[in-house]
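Just to be clear, the model below is a prediction. Sequence and coordinates:
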Amino acid sequence: MANEENLTPFKKGNNANPKGRPKGSKNKSTIFKEALALKDKNGVTNETKLVAMLMKLGIEGDLKAILAAFDGAHGKDKQTVETTVKDSKPIKVEFFKNDGELKE
């Protein structure tokens, strides 16, 4: 069990990771998006080039490229799981105290 004395928030200006990522530094997602937006001398973005390469691979029959292209264009399909229950009896849930005794 947690010690309640330890459950206080950090004091202002004091945090658990003082040598963490510096303020103003960019995360990987931002860096990647900026790299995709870069243009070559003809004004073509890296993103456009990657999509063209992906389409070329897909047209040549690369299944992973085809799936990636469709996921990018239409979004990834939601995966669903169908469950069936043999009998309709409710599930019994029991709660225990900290000492292991069954709560009434």
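Great, that's in hand. Keep in mind that what you see is a predicted model, and the values were worked out from it rather than measured.

Could you use CA atoms for every contact and neighbour count after this?
Noted.

in the protein, which segments are predicted with low confidence?
1-2, 5-6, 100, 102-104 (pLDDT under 70).

if I look at N17, how far off is F10?
Distance, N17 to F10, by C-alpha to C-alpha, to the nearest Å: 11 Å.

okay, these two: which has more neighbours?
F10 (10 against 7; other C-alpha atoms under 10 Å).

Confirm that that one sits in a strand.
No: counting by DSSP: H, G, I helix; E, B strand; the rest coil, F10 is not part of a strand but coil.

CA atoms of the host helix or strand of E34 as PDB?
In the assignment (DSSP states H and E), E34 maps to helix 28-37. Taking Å, rounded to 0.1, in the frame of the first residue of the first chain, the C-alpha atoms of helix 28-37 are listed here in PDB:
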ATOM      1  CA  LYS A  28      10.000  12.700 -32.900                       C
ATOM      2  CA  SER A  29       6.500  13.200 -34.400                       C
ATOM      3  CA  THR A  30       7.100  16.900 -35.000                       C
ATOM      4  CA  ILE A  31      10.600  16.300 -36.400                       C
ATOM      5  CA  PHE A  32       9.200  13.600 -38.800                       C
ATOM      6  CA  LYS A  33       6.300  15.900 -39.900                       C
ATOM      7  CA  GLU A  34       8.700  18.700 -40.600                       C
ATOM      8  CA  ALA A  35      11.000  16.400 -42.600                       C
ATOM      9  CA  LEU A  36       8.000  15.200 -44.700                       C
ATOM     10  CA  ALA A  37       7.100  18.800 -45.500                       C
END
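
Identify the residue nearest the geometric centre of this protein.
Centroid-nearest residue in the chain: S29, 11.5 Å away (criterion: C-alpha atoms, centre = their mean).
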